[in-house]
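Novice: no sequence on this one, just coordinates:
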Ligand SMILES: [Mg+2]
C-alpha cells in the first residue's frame, strides 16, 4: 500500500509555465527587431542555452533571464542594446513576482489525499522563489514536509525518501512532469499520478516511460487525483505489479 504521497509544486499546485511562456513571447519580440526569428532558430537556440546552463544555474526565472541574455547577445552578434538587455532582466523579475494562483480543484484534491495518506511537497527550482510560492499558496499546513530540491532525479528522490523513512514501493508522486515527477519515482520502484498541465516546457517532455506503465495513472484534472492514488495503493497492496529492478 501507499503510505506517503508527494505533490509537485509548479503546474501541479499552482500556475507557473504560463508566466515563462509569456516571457518567452516578449523575449522573441525583442530579439525580432534585430534578426529574423526563423533564420536565427531562436526557439531552439534559447532552449539549448537553457539546457546547457542547467548544471550552473539550476531551474527557475533567474536562470531563464540569464540564458535569454546570453542567447540574445549571441544571435544578434552583440548588437542588442543595453536598454533591451534591461528588458530581458525585467522579464525574469516579472516571473519571480507573479502572484501565486492555485490550479482549480487542487486544494480539495490535496485535502482528499491527506485524509488517507501522509502528504509532502517536493518541488524544484529557484530556492527563494519556491519558498515564496509555498508561503503564498496557503497549502503549506497540509504537508508533513516541504522539500525544495535542485533536481528531481533518481538520486534526489532516493535521498528524500531515505530521510522520510519510507520505502519507494510505499510512495506515490503526483505531478505534471513525466520527466521530473513520475519517471524517476517509477524507476525507484514507486508509483506516479500524472496530471498534465496545458503547457509544458520542452525539457520536461523528455521521458522514456511507456504510456501504459503499470506503476502510473494519468488523470485529466485534480479531482481525479485521490481516486488514482487509491487505485495505485490497492494495486500496490495486491502485489500484482512486479517490482522494478533497481
Ligand atoms: Mg511541475
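Specialist: All right, it came through fine. Being a predicted model, the structure only gives us computed values, none of them experimental.
Novice: what's the closest non-adjacent residue to the residue located most distally from the centre of the chain?
Specialist: In the chain, the residue that sits farthest from the middle, by CA atoms, centre = their mean, is residue 79; the gap is 34.2 Å. Spatial nearest neighbour of residue 79, excluding adjacent residues (CB to CB, 6 or more residues apart in numbering): residue 34 at 5.8 Å. C-beta here means a position set from N, CA and C on the backbone, and glycine is covered the same way.
Novice: for the one you found, give me its contacts.
Specialist: Contact analysis of residue 34 by CB atoms under 8 Å, 6 or more residues apart in numbering lists 75, 76, 79, 80.
Novice: with residue 37 instead?
Specialist: Counting by CB under 8 Å, 6+ apart, residue 37 touches 28, 31, 43.
Novice: which one of these is nearest the ion?
Specialist: Nearest to the ion among the contacts of residue 37, counting by CB to the ion, is residue 43 at 20.9 Å.
Novice: surely the closest one is in a strand?
Specialist: No - looking at residue 43 with DSSP: H, G, I helix; E, B strand; the rest coil, it is helix, so not inside a strand.
Novice: pull out the buried residues from the helix or strand bottoming out on mean pLDDT in the chain.
Specialist: In the chain, no helix or strand scores lower on mean pLDDT, DSSP states H and E than helix 37-40, which sits at a mean of 86. For helix 37-40, burial by neighbour count (16 or more other CB atoms under 10 Å) applies to residue 40.
Novice: gap between that helix and the chain center?
Specialist: Distance, stretch centre to chain centre, for helix 37-40: 29 Å (CA atoms, centre = their mean, to the nearest Å).
Novice: now stretch 140-160
Specialist: So, by CA atoms, centre = their mean, the centroid of stretch 140-160 is 12 Å from its chain's centroid.
Novice: quick one: mean pLDDT for it?
Specialist: Average pLDDT, stretch 140-160: 94.
Novice: that one and the ion in contact?
Specialist: No - Stretch 140-160 is not in contact with the ion by CB under 5 Å from the ion; minimum separation 8.8 Å.
Novice: any idea what residue 191 is bridged to?
Specialist: residue 172 (DSSP bridges).
Novice: how close does it get to residue 171?
Specialist: Distance from residue 191 to residue 171, counting by CB to CB, to the nearest Å: 7 Å.
Novice: which neighbours do these two share?
Specialist: In contact with both residue 191 and residue 171: 2, 185, using CB under 8 Å, 6+ apart.
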